[in-house]
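Chemist: next one to model:
(2 chains)
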Amino acid sequence: DTAVSQTPKYLVTQMGNDKSIKCEQNLGHDTMYWYKQDSKKFLKIMFSYNNKELIINETVPNRFSPKSPDKAHLNLHINSLELGDSAVYFCASSQLAGQETQYFGPGTRLLVL
Amino acid sequence: DQQVKQNSPSLSVQEGRISILNCDYTNSMFDYFLWYKKYPAEGPTFLISISSIKDKNEDGRFTVFLNKSAKHLSLHIVPSQPGDSAVYFCAAGVSGNTPLVFGKGTRLSVIA
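Modeler: Purely as a prediction, here's the structure:
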């Protein structure tokens, strides 16, 4: 059983397009995250939601908008895609925010042409 | 501004020997530390963690050592197995609603 799942796994698109990445966790966790792993391989937090409420919003362009319809889902919508958005995006979840082990999804590889 | 640094991008070790992966941090506020393991095309998976009140935590073949005065932690894997070949990420955080900070990772290759 997949604990944290993401769709799609691969996404190739043109500059200027709008795209969404979906994330679902079946662990019953209260907190979900989006991370970006760029070409330099750093994993950086983008957003964190706890019980559908935004609790962390790092310096991310307004073109990125997370949406949490319920605590098991955290989707990431990206408007007006740019070349620099090409990266691997990981969704993660944890029982609580803070000092808790996070469980990661398999990643979505986004390539903007 | 790299608060968590893994200065060795790669490491090769023979099967059966000890693997030592190192991690340095700069933020003295960090009070818990984690190691994640990542296989290609998969997400990172949690391996082991340590709180700043401890200097050692052991789980089977994996031991994490924390030296707070040096702001250094290390992951020891003994004995190393070919299935341990992966990228290992060090991460650090401050208790509360603050994000984890990850290092760039070290690719471990265990040679049979």
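Chemist: which SS class is the residue in chain B that chain A sits nearest to?
Modeler: Nearest residue of chain B to chain A (Cβ to the nearest Cβ) works out as B:G43 at 3.2 Å. For every residue, glycine as well, the C-beta is placed using N, CA and C. Put simply, B:G43 is coil when judged by DSSP: H, G, I helix; E, B strand; the rest coil.
Chemist: dihedrals phi and psi, it?
Modeler: Note on B:G43: its backbone torsions stand at phi -80, psi 160 [degrees, to the nearest 10].
Chemist: so what's the residue in chain A that chain B sits nearest to up against?
Modeler: Taking Cβ to the nearest Cβ as the measure, the point where chain A comes nearest chain B is A:F104, at 3.2 Å. Taking Cβ atoms under 8 Å, 6 or more residues apart in numbering or on different chains as the criterion, A:F104 is in contact with A:V4, A:Y35, A:F90, A:C91, A:A92, B:Y36, B:G43, B:P44, B:T45.
Chemist: what's around the residue of chain B closest to chain A, how many residues?
Modeler: B:G43 has 23 neighbouring residues, counting by other Cβ atoms under 10 Å in any protein chain shown.
Chemist: one step back: of the contacts of A:F104, just the buried ones, PyMOL syntax please.
Modeler: The buried subset of those, as determined by 16 or more other Cβ atoms under 10 Å in any protein chain shown, is captured in PyMOL by this line:
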select buried, (chain A and resi 4+35+90+91+92) or (chain B and resi 36+43+44)
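Chemist: circling back to that earlier point, list the contacts of the residue of chain B closest to chain A.
Modeler: A:V4, A:F90, A:A92, A:F104, A:G105, A:P106, A:G107.
Chemist: and the closest residue to A:P66 other than its chain neighbours, what element?
Modeler: Computed as Cβ to Cβ, 6 or more residues apart in numbering or on different chains, the closest residue to A:P66 that is not its neighbour in sequence is A:F47, at 4.6 Å. In the assignment (DSSP states H and E), A:F47 maps to strand A:43-50.
Chemist: cool, B:F65 as well?
Modeler: For B:F65, the element it lies in under DSSP H and E is strand B:62-67.
Chemist: hang on, A:S86 packs against A:I78?
Modeler: No: taking contacts as Cβ atoms under 8 Å, A:S86 lies outside contact range of A:I78: 11.1 Å.
Chemist: still on that earlier bit, what's the mean pLDDT across the strand holding A:F47?
Modeler: Average pLDDT, strand A:43-50: 88.
Chemist: sheet-wise, list the partners of it with their directions.
Modeler: Based on DSSP bridges, the strands next to strand A:43-50 in the sheet, each with its direction, are strand A:31-37 (antiparallel), strand A:53-57 (antiparallel).
Chemist: which residues touch it?
Modeler: Applying Cβ under 8 Å, 6+ apart, the set of residues contacting strand A:43-50 from outside is A:30-38, A:54-58, A:60, A:64, A:66, A:68, A:71, A:74, A:76, A:90, A:96-97, B:44, B:89, B:91, B:97, B:99-100, B:102.
Chemist: only the buried subset of these, as a PyMOL command please.
Modeler: The PyMOL selection below is limited to those of the contacts of strand A:43-50 classed as buried (16+ other Cβ under 10 Å):
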select buried, (chain A and resi 30+31+32+33+34+35+36+37+55+56+60+64+66+68+71+74+76+90+97) or (chain B and resi 44+89+91+99+100+102)
